[in-house]
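**Student:** Output the structure for:
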Amino acid sequence: PTMDMQICRDIFSAAIQAAGILKVDTKWASALSLTKNKLAPNQISPTNGGVQEWLADWPSTDPHHRHTSQLFGLFPYDEITPWETPKLAKAATQTLNLRGDGGTGWSKAWKVNFWARLGDGDHALKLLRGLLQPVTGLITNMHTGGGTYPNLFDAHPPFQIDGNFGGTSGIAEMLLQSQGENQVIRFLPALPNDKDWQAGQVKGLRARGGFTVDMAWKDHHLKRAVVHASITGHCRIALPAGMQLKMQNGKLINDVQMEGRIATFPVKAGQNYIVQ
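**Tutor:** Down below sits the predicted model:
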């Protein structure tokens with residue numbers, strides 16, 4: 001299955017990276033790298049245009065099944081992104097459209113994260129509302145049983161914590177992302193065009209690379225963000241148009257390298273950096 005290959009690449013990549021950071025197990029990491037390169041790649045189905053679920057392009061026996069295993073590479077793994085693999089991202093969108101929005105609570109939660117990773121906040125919100133739909137019955141229905149019980153437990157049914165944790169994760173992914181090879185911090189990547197989401201603020205969101213982000217937005221646009229660095233090194237952000245990078249004392253950061261809208265700048269542990 002495609003999911004197995006994606007999981008292996010994820011685990012192998014993490015082990016290889018860890019070996020390099022710790023400067024240990026060099027031979028083992030090299031062997032893993034060779035094995036990783038032999039794994040079956042992601043493929044786009046020539047028959048339906050989605051991400052192929054199996055090595056061969058077999059037809060689906062349950063096209064609207066709640067599982068979407070072949071998109072593990074989209075979330076929680078990050079080898080499928082709109083900016084690094086646009087063709088696969090388009091295929092992932094097709095897969096989700098073919099699968100539909102049905103399913104149990106945990107399935108809806110996973111789809112919230114999928115749509116957020118694809119930058120479609122409106123569809124992510126649709127799934128989030130489905131995840132929070134009140135449910136009272138305990139009858140097992142794997143296609144339409146999704147929602148939330150009065151005690152806020154996820155309705156699988158009878159219950160799966162994946163839906164609760166996944167829903168929380170989905171909201172975070174709608175507001176902040178940093179996945180991908182360069183771990184670029186992206187503010188409000190999937191903010192819904194909904195009046196209830198047009199303004200807000202959030203504190204303490206974690207980004208890859210050792211960063212914590214507080215931010216506020218208004219009229220569906222970032223108003224201000226504070227990036228706190230826990231390590232010394234470099235930070236990469238997608239700088240919104242018309243905004244600047246400043247030190248915590250208000251002075252502009254001069255040592256900024258721009259590549260399109262991606263800003264790379266040096267950071268020191270314990271310092272705050274302002275986007276405004």
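
**Student:** What separation do you get for the residue most central in space within the chain and Ala190?
**Tutor:** Nearest to the mean C-alpha position of the chain, by CA atoms, centre = their mean, lies Arg117 at 4.3 Å. Separation of Arg117 from Ala190 (CB to CB, to the nearest Å): 8 Å. For the C-beta atoms, the positions are set from N, CA and C on the backbone; glycine is no exception.

**Student:** ok so, going back, which ones are touching the residue nearest to the centre of the chain?
**Tutor:** Contacts were defined as CB atoms under 8 Å, 6 or more residues apart in numbering; by that measure Arg117 touches 74-75, 78, 80-82, 173, 177, 179, 190.

**Student:** where does it fall, phi/psi-wise?
**Tutor:** phi -60, psi -30 (degrees, to the nearest 10).

**Student:** just to revisit the earlier point, among the contacts of Arg117, which lie within strands?
**Tutor:** Judged by DSSP state E, the contacts of Arg117 include Gln177 as members of strands.

**Student:** Distance to Ala216 added to the contacts of Arg117, as a markdown table?
**Tutor:** What follows is the contacts of Arg117, written out as a markdown table (distance: CB to CB, whole Å):
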| residue | distance to Ala216 |
| --- | --- |
| Leu74 | 28 |
| Phe75 | 26 |
| Asp78 | 26 |
| Ile80 | 30 |
| Thr81 | 26 |
| Pro82 | 25 |
| Glu173 | 18 |
| Gln177 | 18 |
| Gln179 | 23 |
| Ala190 | 17 |
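
**Student:** Which one (most neighbours) among the contacts of Arg117?
**Tutor:** Leu74 (31 neighbours; other CB atoms under 10 Å).

**Student:** is it true that Glu53 touches Ser60?
**Tutor:** Yes - assessed by CB atoms under 8 Å, Glu53 is found in contact with Ser60 at 7.2 Å.

**Student:** how about the strands in the stretch 51-200 of the chain?
**Tutor:** For the stretch 51-200 of the chain, the strands defined by DSSP state E, counting those that start in this stretch occupy 176-177, 186-187, 200-207.
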